[in-house]
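Participant: model the following, please.
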Amino acid sequence: MILVTGATGNVGRHIVAGLHRDGYDVTAVTRTPATAAFPPEVRVQPTENIDLSGVESIFVNIAAFPDGPDEIVARAADSGVQRIVGLSTYSVGDPNPRNAIAVRHRHLEDIVRASGMEWVLPRPAGGFAMTTLEWAGSIKRERTVRAPYGEAHGAPLHEKDIAAVCLAGLTTKDLLGQEPQFSGPESISYRRRAEIISEVLGEPITFVELTDEDARVVWAEAGVPPHAIQARLGMFASMVGVSHPVDPIEPFIGRPGLTYADWVRDHIDAFR
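Facilitator: This is a model prediction of the structure:
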């Protein structure tokens, strides 16, 4: 049996779908089992008191564990789980102790490696295309995107591709003991992302570049914590006019990565 934590999240849901499609015995763990809406063959259980009986492999997303992944990793090892795939990030290479994302994921990597289980630690890079959904409201209302640093670049990843690497880690031996790093297939600016949405929609979209202060207000209203706002602004400023490195995903999943336009087409209803 393969157990997937964070199963109703952006990545977890695609992992569960892939395992179910390929005939694996899968258990989905979520904070909201009553509304999980998985096929009847998929076992569903709550995040509290996870039952690890019969589990051979486990996917761990630390977003599902606000208090940290230590307990679930230790319990998995003690329960005889053979393999763990822990979703990490390329930012583990940032030594800045103020980078909370890097610190948390370095800790995850350390305890996974020390667990005694077989392990894979995928490191997505380039940013998640899903963050584009922050623009959905203004695009729907007025066909406008408001964001700072329009010429900042990233190589955004489709969540399906992140899930595909995790699936390979859970179901094959190809990635055991590795930290596969991969990004989206192209470096594109935020202004260009708005243009791609416009092209897929078939309607003009205006990009309005915000000042730092305006961006603070917009992100605070969207619920972004103050420390994260400051980190975002610093990150975006450092990426202006700089092409993001592209780390191919094909060596890990046997196909090219999905493009940003592919992602927009898959989520087009969010912008209509």
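Participant: what residues does residue 128 make contact with?
Facilitator: Residue 128 makes contact with 10, 156-157, 159, 162 under the criterion Cβ atoms under 8 Å, 6 or more residues apart in numbering. Any C-beta I mention is one placed from the backbone N, CA and C, and that applies to glycine too.
Participant: so which of these belong to helices?
Facilitator: Secondary structure assignment (DSSP state H) places 159, 162 from these within helices.
Participant: hmm, which two among the contacts of residue 128 are most spread apart?
Facilitator: With Cβ to Cβ as the measure, no two of those lie farther apart than 10 and 156, at 12.8 Å.
Participant: between the two, who's got more neighbours?
Facilitator: A count of neighbours by other Cβ atoms under 10 Å puts residue 156 above the other of residue 10 and residue 156, at 26 against 18.
Participant: what about residue 94, how many neighbours?
Facilitator: The burial count for residue 94: 15, using other Cβ under 10 Å.
Participant: my read: it touches residue 102, true?
Facilitator: Yes: in this structure, residue 94 is within contact of residue 102 by Cβ atoms under 8 Å, at 4.5 Å.
Participant: just give me the closest of the contacts of residue 128 to residue 236.
Facilitator: Closest to residue 236, out of all of the contacts of residue 128 and judged by Cβ to Cβ, is residue 156, at 13.4 Å.
Participant: surely the closest one meets residue 185?
Facilitator: No: between residue 156 and residue 185 there is no contact, the gap being 9.5 Å when judged by Cβ under 8 Å.
Participant: now do the helices in the stretch 1-150 of the chain.
Facilitator: Ranges of helices within the stretch 1-150 of the chain are 12-21, 70-78, 100-113, 136-142, based on DSSP state H, counting those that start in this stretch.
Participant: return the list of helices and strands in contact with the first one.
Facilitator: To tie it back to what came earlier, the one meant is helix 12-21. strand 2-4, strand 26-30, helix 159-171 (3 or more Cβ pairs under 8 Å, 6 or more residues apart in numbering; DSSP states H and E).
Participant: just put the ones you listed in JSON lines and tack on mean neighbour count and distance to residue 134.
Facilitator: Compiled in JSON lines, the helices and strands packed on helix 12-21 are given as follows (neighbours: other Cβ atoms under 10 Å; distance: least, Cβ to Cβ, whole Å):
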{"stretch": "strand 2-4", "mean neighbour count": "26", "distance to residue 134": "26"}
{"stretch": "strand 26-30", "mean neighbour count": "25", "distance to residue 134": "23"}
{"stretch": "helix 159-171", "mean neighbour count": "24", "distance to residue 134": "15"}
